[in-house]
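**Q** sharing a model that was predicted from the sequence below.
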Amino acid sequence: MSKLTFVDCGNLPQPRKGQPAPERLVEGNPQFLSWDIAQTADGVVRSGVWEATPGAYRSIKGETFEFCVILSGVSELIEDGCEPRRIVAGDAFAMHPGFVGTWRVIETTRKLWVCRD
């Protein structure tokens, strides 16, 4: 069995559909699609592709570390107490445990993500 997993964005598995929890919704009606790609045997490290439609919601990472690469779209991340940061295709960033802020999707945004819980 291969120890490599490739991400083919043109041939993703069936997505999970979702949306922000009502208490985290800030504006609009953002809808999420999530494609699970790979994870460690214990599920502590996971990866996948995520897509969201326009709207805004509160993002609260808790104990999760997440590394992201924006594949398409335009969004804005607003960490509480900080200036807004516009993110576009090609941008890469990490959200550290304890991150709290607002994710505003301006144009439908797709990202590749890796999380460690």
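**A** Now that the structure is in, tell me what you want to look at.

**Q** and Asp36, how far from Glu107?
**A** 24 Å (Cβ to Cβ, to the nearest Å). Just so you know, the C-beta spots here come from the backbone N, C-alpha and C atoms, and that holds for glycine as well.

**Q** of those two, who's got more company?
**A** Asp36 (15 against 11; other Cβ atoms under 10 Å).

**Q** how much space separates the more buried one from Ile106?
**A** If you go by Cβ to Cβ, the gap between Asp36 and Ile106 works out to 26 Å.

**Q** same question for Pro15.
**A** 21 Å.

**Q** same check on Leu77?
**A** 11 Å.

**Q** helix or strand: which one has Gly48?
**A** strand 45-52 (DSSP states H and E).

**Q** can you name the next helix or strand after that strand?
**A** Next along from strand 45-52, by DSSP H and E: strand 55-60.

**Q** who are the packing partners of that following strand?
**A** strand 25-28, strand 100-116 (3 or more Cβ pairs under 8 Å, 6 or more residues apart in numbering; DSSP states H and E).

**Q** mind checking how far that strand is from the chain centre?
**A** Between the centre of strand 55-60 and the centre of its host chain there is 11 Å, according to Cα atoms, centre = their mean, to the nearest Å.

**Q** next one: the helix or strand just after it to chain centre, how far?
**A** Next helix or strand after strand 55-60 toward the C-terminus (DSSP H and E): strand 65-79. Relative to the centre of its chain, strand 65-79 is centred 7 Å away, using Cα atoms, centre = their mean.

**Q** in its sheet, what does whatever helix or strand comes next after strand 65-79 sit against?
**A** Downstream of strand 65-79, the first helix or strand assigned by DSSP H and E is strand 85-88. Neighbouring strands of strand 85-88 in its sheet, by DSSP bridges, are strand 65-79 (antiparallel).

**Q** what's in contact with the partner strand?
**A** 9, 49, 52, 59, 84-97, 99-116 (Cβ atoms under 8 Å, 6 or more residues apart in numbering).

**Q** same question, stretch 22-41
**A** 5, 7, 12-13, 15-20, 45-60, 102, 104-105.
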